[in-house]
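>>> what shape does this take:
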Amino acid sequence: MRIWAKIWKDGHMISDTTAEDLTDDTRTHKVFRLLDGVCREFDLAKPIWLDANVRDFQKHALTRFTKDSFVEDVDFDFLEFRVIDE
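Numbering: from 1, shown residues only. As a prediction, the model looks like this:
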């Protein structure tokens, strides 16, 4: 699985990264592990998966974590998390 994570602010992408997990683990475990790695790279606390995030990710393999998903204040509009290859 490969993901592409992007940080957006004021309609502009200000940072992005890709990551991959080639293990035989479950899709859910891969997603959580990849999100943990992205958050470490961007120096962010892990976001909370709200019901809307889960639905979007299940349906589109894409979700956006807004400021409401983070316990700490963040200086961007949202973190986009997208599967680009499974």
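>>> all contacts plus neighbour counts: C-alpha atoms, from now on.
Noted.
>>> which residues in this protein form strands?
Listed in chain order, the strands of the chain (DSSP state E) span 2-9, 12-20, 62-66, 78-85.
>>> what about the longest helix in this structure?
Taking DSSP state H as the criterion, the chain has its longest helix at helix 27-42.
>>> related to what we said a few turns ago, I'd like the strands of the chain written out as TSV, with mean pLDDT and mean neighbour count added.
Formatted as TSV, the strands of the chain follow (pLDDT from 0 to 100; neighbours: other C-alpha atoms under 10 Å):
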stretch	mean pLDDT	mean neighbour count
strand 2-9	98	19
strand 12-20	97	14
strand 62-66	97	20
strand 78-85	96	19
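>>> now those in a markdown table, with distance to Ala52?
As requested, the strands of the chain are exported to a markdown table (distance: least, C-alpha to C-alpha, whole Å):
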| stretch | distance to Ala52 |
| --- | --- |
| strand 2-9 | 18 |
| strand 12-20 | 22 |
| strand 62-66 | 8 |
| strand 78-85 | 13 |
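>>> to Leu44, which of those strands lies closest?
The closest approach between Leu44 and any of these, judged by C-alpha to C-alpha, belongs to strand 78-85 at 10.2 Å.
>>> what is the closest one packed up against?
If you count contacts as 3 or more C-alpha pairs under 8 Å, 6 or more residues apart in numbering; DSSP states H and E, strand 78-85 packs onto strand 2-9, strand 62-66.
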